[in-house]
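# Okay, structure incoming, though there's no sequence with it:
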């Protein structure tokens, strides 16, 4: 496969995941949590790098595209861990411990809780949450970036 086609595929993958996230938010009525938003930033970077790499296919741009895709996969993996209760998420979007709280402190914690929590799964398919799907698909996209990096420019 030609390098330019792989760059378009990787860039298009980030575009598709970002559009999917916006569709879930604006059409599906599922507002994003803080970690969901964090997963979007590397996709934006990958899209910008891909657009630039289509015209200037420098290896450094392809490497940065792979790093961006791996970054969002990493944030997705972290988010999955928060959703599954394997570790705590940011206090600004996760439920805190209620051990040893008096009723007034518990009420204050409930009232200060974010509306969109990072530790609750809003949607899932085939056993994976949106964060899980982002993790898997972003890892595939990173693989495509790496594949593009390994293709010799002379084969284009």
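Yep, it's here. Quick caveat: nothing in here was measured; it's all calculated off a predicted structure. Residues are numbered from 1 along each chain as shown.
# for the residue nearest the centre of the chain, helix, strand, or coil?
Residue closest to the average C-alpha location in the chain (Cα atoms, centre = their mean): residue 39, at 3.1 Å. Residue 39 falls in the helix class when you classify it by DSSP: H, G, I helix; E, B strand; the rest coil.
# how about it, what does it touch?
By Cβ atoms under 8 Å, 6 or more residues apart in numbering, the residues touching residue 39 are 21, 72, 75-76, 79, 131, 134. (Glycine included, C-beta is placed from N, CA and C.)
# ok, of these, which one's closest to residue 27?
residue 21 (11.0 Å; Cβ to Cβ).
# Distance from stretch 124-137 to the middle of the chain?
Taking Cα atoms, centre = their mean, to the nearest Å, one finds the center of stretch 124-137 at 10 Å from the center of the full chain.
# what's the neighbour count on residue 150?
11 (other Cβ atoms under 10 Å).
# so what's it scoring on pLDDT?
For residue 150, the pLDDT comes out at 93.
# Kindly report the same for residue 49.
pLDDT recorded at residue 49 is 97.
# Make sure it is actually in contact with residue 69.
No. The pair residue 49 / residue 69 is not scored as a contact, 9.7 Å apart, by Cβ atoms under 8 Å.
# Pull out the buried residues from the longest helix along the chain.
Counting by DSSP state H, the longest helix found in the chain is helix 59-84. By neighbour count on 16 or more other Cβ atoms under 10 Å, the buried set for helix 59-84 is 61-62, 64-66, 68-80, 82-83.
# The helix or strand where residue 20 lies: how far from the chain's middle?
Assigned by DSSP states H and E, residue 20 falls within helix 3-26. On the basis of Cα atoms, centre = their mean, helix 3-26 sits 12 Å off its chain's mean C-alpha point.
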